[in-house]
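In: sequence unknown, structure follows:
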Ligand code: ATP
């Protein structure tokens, strides 16, 4: 039976990503637009368990569309993984009159939402917020476009110093399981090589490629390495050592970009995507549907069952791989 939704809870969970605030703003304002209430839940599922709630109105989300991070804070909650923890969370939602929630997060957050829905027949919706772009059911996740721009800007700066000193830089970027950031930022920043978890270039080919770059007159080189790259099972620092030993003429350096990739003001694309996702998530609940993730494909908003979003594997774009092989010559 379809439940009428009158009060929606909203939380951000897992790692933060630029665009989360823009999505919060959109969810709150869509609730206001449809004359229903919105309750902000602080610190992800942990705040749900503790009843850390606040009523939100159109004005409580003023001036946040341009801000990175999340005004609702995020957290990882081991207690929510237990039945007792989820029971406490349910009780708080019930006491506050909340009859559905929207969670902005990654696949762990969606798994929690799915289990909660099964246990309490509670309507839930997911908005994919993670810079890694590793979620099935959407071409882009919130924060990914911003992170790409941040990484490209950083690599451009590193290239300035690389070319001044004829250096080779290994630049490690985020992406434990997915090479999307490395591949796209690598192409965008004109990297000479891109190492991603989805394919193992192998050490021989890496050396060959660096050698042939030099023979073709390149005086500096940038190799973008995704955090989860498994080339010969070596870390970025071990790769540096290997190249140092085998190509002693190269002056090799490593730069790990780290958490700066998660921060910063969201790009226009992320702000617009967040706005569209927020509206779609609330209106899907109001249509009586539940347990979907909103996503974008061919620039249209789409819905994917949360279960598929969690179980499906987001694949690397083969055409982009080919483009990168060609343009890095
Ligand atoms: P990111 O991609 O940034 O890591 P995520 O949403 O995948 O984001 P997780 O830490 O995996 O981040 O999950 C966030 C929270 O979701 C967990 O701290 C936990 O509270 C809840 N969660 C994850 N998996 C489960 C599960 N199997 N059962 C119940 N809750 C879960």
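Out: Received, thanks. Source: prediction; values computed, not measured. Numbering: from 1, shown residues only.
In: and the helix or strand containing residue 308, what's buried?
Out: Under the criterion of DSSP states H and E, residue 308 resides in helix 306-311. Buried residues in helix 306-311, counted by 16 or more other C-beta atoms under 10 Å: 306, 309-310. In this view, the C-beta of every residue, glycine as well, is placed from N, C-alpha and C.
In: other SSEs contacting that helix?
Out: Packed against helix 306-311 by the contact rule (3 or more C-beta pairs under 8 Å, 6 or more residues apart in numbering; DSSP states H and E) you find helix 107-120, strand 124-128, strand 292-297.
In: name the nearest of the buried residues of helix 306-311 relative to residue 261.
Out: Each of the buried residues of helix 306-311 was scored against residue 261 by C-beta to C-beta, and residue 309 proved nearest at 23.0 Å.
In: now do the contacts for the closest one.
Out: Neighbouring residues of residue 309 by C-beta atoms under 8 Å, 6 or more residues apart in numbering: 107, 110, 126, 128, 135-138, 293, 295.
In: filter those residues down to the ones near the ligand?
Out: residue 107 (C-beta under 6 Å from any ligand atom).
In: Throw the contacts of residue 309 into CSV and include pLDDT, thanks.
Out: Formatted as CSV, the contacts of residue 309 follow (pLDDT from 0 to 100):
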residue, pLDDT
107, 95
110, 98
126, 98
128, 98
135, 96
136, 97
137, 97
138, 97
293, 98
295, 98
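In: name the nearest of the contacts of residue 309 relative to residue 321.
Out: Within those, proximity to residue 321 (C-beta to C-beta) peaks at residue 136, which comes in at 18.6 Å.
In: out of the helices and strands packed on helix 306-311, which is the most enclosed?
Out: Burial of the helices and strands packed on helix 306-311 is given as mean neighbour count (mean count of other C-beta atoms under 10 Å); strand 124-128 ranks first at a mean of 30.
In: so how far is the next helix or strand after that strand from its chain's centroid?
Out: Counting by DSSP H and E, the element after strand 124-128 in chain order, helix or strand, is helix 144-165. The chain centroid and the centroid of helix 144-165 are separated by 19 Å under C-alpha atoms, centre = their mean, to the nearest Å.
In: so does helix 144-165 get close to the ligand?
Out: No: Helix 144-165 stays out of contact with the ligand when judged by C-beta under 6 Å from any ligand atom, the minimum separation being 11.5 Å.
In: other SSEs contacting that helix?
Out: For helix 144-165, the helices and strands in contact under the criterion 3+ C-beta pairs under 8 Å, 6+ apart are strand 167-173, helix 180-188, strand 221-226, strand 251-256, helix 268-286.
In: what angle sits between the first one and strand 221-226?
Out: Think strand 167-173. On the basis of axes from the mean of the first three to the mean of the last three C-alpha atoms, to 10 degrees, strand 167-173 is oriented at 20 degrees to strand 221-226.
In: what's strand 167-173 in contact with?
Out: With contact meaning C-beta under 8 Å, 6+ apart, strand 167-173 is reached by 151, 154-155, 158-159, 161-162, 181-182, 185, 191, 210, 220-227, 236, 239-240, 243, 250-257, 261.
In: now do the residue nearest in space to the middle of the chain against the ligand, distance only.
Out: For the chain, residue 130 is the residue whose C-alpha lies nearest the centre (C-alpha atoms, centre = their mean; 1.7 Å). Look at residue 130 and the ligand: by C-beta to the nearest ligand atom, to the nearest Å, they are 4 Å apart.
In: one more: residue 125?
Out: Here the criterion is C-beta to the nearest ligand atom. By it, residue 125 lies 14 Å from the ligand.
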